[in-house]
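[1] 3D model of this:
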Amino acid sequence: MNVTDRKPVEYLSHWHHSFSGLNVTPKSFYNELSNRIRDHEFPSLKMDTVEFPEGSFLSAKRRYLRVMRGELAFDICGAPFGNRVFFVSSWLGRIGTSGCGMMALGCLAVIPGIGLLAERQLRPLTCYEVDTAYAFQEAIQSILVAHLDELCGSSNITPLTAAERAVSNKRLGVI
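    All right, here's what the predicted structure looks like:
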């Protein structure tokens, strides 16, 4: 299923961890994770891989598994770092507004420094949207962590502690 590859207008949370000795390819990691997410039959989800530049538009690209629900994008990165470490991160972001009624806001959103401010002031998140965002995050993050637990178990790697599982639920803005 196709998903947008637009960068979120703001990030609501972030999590990451490096696993020493975990030998898995990003492709197999994403395939298994996608299957586990599909098995839950969550409503209104779209899922696909997207690529983002590692730096400028001329730099190499990094592939992420993107799980979307409405304006929410949950981006998961799983990639080797060197030859003995597998790095995993997740980002919960809000893609932003779309549609004819929000065209003016869309024009403001592309102006550096003004876009996020305009988005937050003219279209702030409601309590319902925040609750839904964190329910979405918790559901997908728990599947991610369960998958990592199994990979660690089969590779004889110490599983994540409770502190290592914690997600930073702080509005991070645009990075």
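[2] Doesn't residue 7 lie inside a strand?
    No - applying DSSP: H, G, I helix; E, B strand; the rest coil, one finds residue 7 to be coil, outside a strand.
[3] thought it was touching residue 53?
    No - Residue 7 is beyond contact range of residue 53, at 10.0 Å (criterion: CB atoms under 8 Å). C-beta coordinates here come from the backbone N, C-alpha and C atoms, glycine included.
[4] Of the two, give the one with the bigger neighbour count.
    Remark: of residue 7 and residue 53, residue 7 carries more neighbours, 15 against 11, as counted by other CB atoms under 10 Å.
[5] leaving aside the residues next to it on the chain, what's closest to that one?
    residue 52 (7.2 Å; CB to CB, 6 or more residues apart in numbering).
[6] quick one: which helix or strand includes the one you found?
    strand 46-53 (DSSP states H and E).
[7] who does that strand pair up with?
    strand 61-69 (antiparallel) (DSSP bridges).
[8] Show me what the mean pLDDT comes to for the strand it pairs with.
    Computed over strand 61-69, the mean pLDDT rounds to 93.
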